[in-house]
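Undergrad: 3D model of this:
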Amino acid sequence: MTSQPARDVRRVTADERAWFVSGALLIFACLATAVSVMRQWSLCGANAASQACLALQQTMNMLPIQADTMALRVPWAAQLAALGLTLASCAWIAFLLLHPLARGIKIFGAAAAVPLVIMSLGGWFGVWSVEGWVAYGGAWIVLGTISEFVVIGFLVYASMSRQAVNLTTMQRLVVLTFGVTAFGTMHQSAEFIFLALFDQAGQGVPRYLGLGTAVTLGLTGAGVILLTLRARKKPHRHEVSILG
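TA: As a prediction, the model looks like this:
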C-alpha cells in the first residue's frame with residue numbers, strides 16, 4: 001500500500017480549497033445579481049408600457065446593472081448589483097491567494113485582478129454618485145473590455161509558460177475566468193444581443209438585462225465545484241503541464 005507524501009496531500013487540499021471558495025463566491029455573486037435584476041425590473045412588473053418602465057429601458061446601465069437616474073432606482077438594486085460585481089472579483093482574488101500556482105502565473109493573475117478591482121470600486125461609486133457614474137460611463141466600458149482581454153492573456157500564459165498548468169487545472173481555469181469576467185463588456189454585449197433577439201420590436205435595453213449575467217455566475221461557480229468534486233473521485237495520477 002502506497003501513500004502520498006505529506007507535501008502532495010497539502011497541495012491537493014490547497015487546490016481544492018481554492019476551487020471551492022472561488023466557486024462559492026461566484027454562486028453568492030449570482031444570487032446578489034439575480035435579486036438586483038429582479039428588484040430593478042419590478043418597475044415593469046405591473047405595466048410594461050408605464051412611463052417608469054419605458055424610462056428604465058432607456059437609462060439602464062449594463063456595468064453593473066443599475067439605472068442611470070436615482071428616481072428610477074429600486075431600493076437595494078444598485079447595491080446588490082455592485083455586491084455581485086465585487087463578489088465575482090473576490091472569487092478571482094481568493095483563488096490566486098489560495099491556489100499554489102507558480103510564481104509567474106500568480107503575478108500575471110494579480111495583473112488580471114487590477115481591472116476587476118477597479119470595476120468593483122466603480123460599481124460602488126455608481127451606487128453613491130449617479131452623476132459621476134454616468135460621466136465616466138465610457139471608462140467603465142473600456143475597463144470591462146480590458147479585464148476580459150487580460151484574463152484571456154492570463155489563460156494563454158498559464159498554458160504556455162515554463163511552469164504551465166496541467167489540463168485538469170486549465171479546464172477549471174477556463175470556467176472560473178468566464179465567471180469572474182461576467183460583468184465584462186463582451187459578456188454584457190452578448191447578453192444584450194441575445195435578449196434583443198426575443199424582443200426585436202422593443203425600444204432601448206431589453207427587459208431583464210442582467211439576468212444572463214446572474215446565470216453565468218451561477219453556472220460557472222457550480223461548474224468549478226462540480227469539476228473539483230469529479231476530480232476527487234478519479235484515482236490520483238501525476239499530470240504534466242498542458243504542453244506535455
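Undergrad: Could you tell me which residues make contact with residue 118?
TA: Each residue near residue 118 by C-beta atoms under 8 Å, 6 or more residues apart in numbering is listed here: residue 143. The way it works is simple: take the backbone N, C-alpha and C, and place the C-beta from them, glycine included.
Undergrad: any idea how far residue 216 is from it?
TA: 20 Å (C-beta to C-beta, to the nearest Å).
Undergrad: Next one, pLDDT for the most centrally placed residue in the chain please.
TA: For the chain, residue 180 is the residue whose C-alpha lies nearest the centre (C-alpha atoms, centre = their mean; 2.7 Å). Reported pLDDT at residue 180 in the predicted model: 97.
Undergrad: Name the nearest residue to it, sequence neighbours excluded.
TA: Residue nearest to residue 180 in three dimensions, not counting chain neighbours: residue 92, with 4.2 Å by C-beta to C-beta, 6 or more residues apart in numbering.
Undergrad: so how far is residue 155 from the one you found?
TA: Separation of residue 92 from residue 155 (C-beta to C-beta) stands at 13 Å.
Undergrad: Over to residue 82?
TA: 27 Å.
Undergrad: So between the two, which is more surrounded?
TA: Shown here are residue 82 and residue 155; by other C-beta atoms under 10 Å, residue 82 has more neighbours (26 against 17).
Undergrad: circling back to that earlier point, joint contacts of residue 92 and residue 155?
TA: With C-beta under 8 Å, 6+ apart as the test, residue 92 and residue 155 both reach residue 177.
Undergrad: Just give me how far stretch 135-148 sits from the chain centre.
TA: Centre-to-centre, stretch 135-148 and its host chain are 15 Å apart (C-alpha atoms, centre = their mean, to the nearest Å).
Undergrad: any idea which helix or strand comes after the helix or strand bottoming out on mean pLDDT in the chain?
TA: One helix or strand of the chain scores below all others by mean pLDDT, DSSP states H and E: strand 60-62, with a mean of 73. Sequence-wise, the next helix or strand downstream of strand 60-62 (DSSP states H and E) is strand 65-67.
Undergrad: Give me the sheet partners of that following strand and which way each runs.
TA: Here strand 65-67 has these sheet partners by DSSP bridges: strand 60-62 (antiparallel).
Undergrad: Return, as residue ranges, the portions of the chain with sub-threshold pLDDT.
TA: For the chain, the stretches with pLDDT under 70 are 1-12, 62-64, 200-202, 235-244.
Undergrad: What are the boundaries of the helices in it?
TA: Using DSSP state H, the helices of the chain run over residues 6-40, 51-59, 77-98, 103-128, 130-135, 137-160, 167-180, 185-197, 211-233.
Undergrad: Pull out the buried positions in the shortest one.
TA: If I follow you right, that is helix 130-135. For helix 130-135, burial by neighbour count (16 or more other C-beta atoms under 10 Å) applies to 130, 133.
Undergrad: Give me the residues contacting that helix.
TA: With C-beta under 8 Å, 6+ apart, helix 130-135 has contacts from 61, 66, 68, 69, 70, 73, 122, 125, 126, 140.
Undergrad: so what's the fourth one up against?
TA: Counting by C-beta under 8 Å, 6+ apart, residue 69 makes contact with 55, 59, 130.
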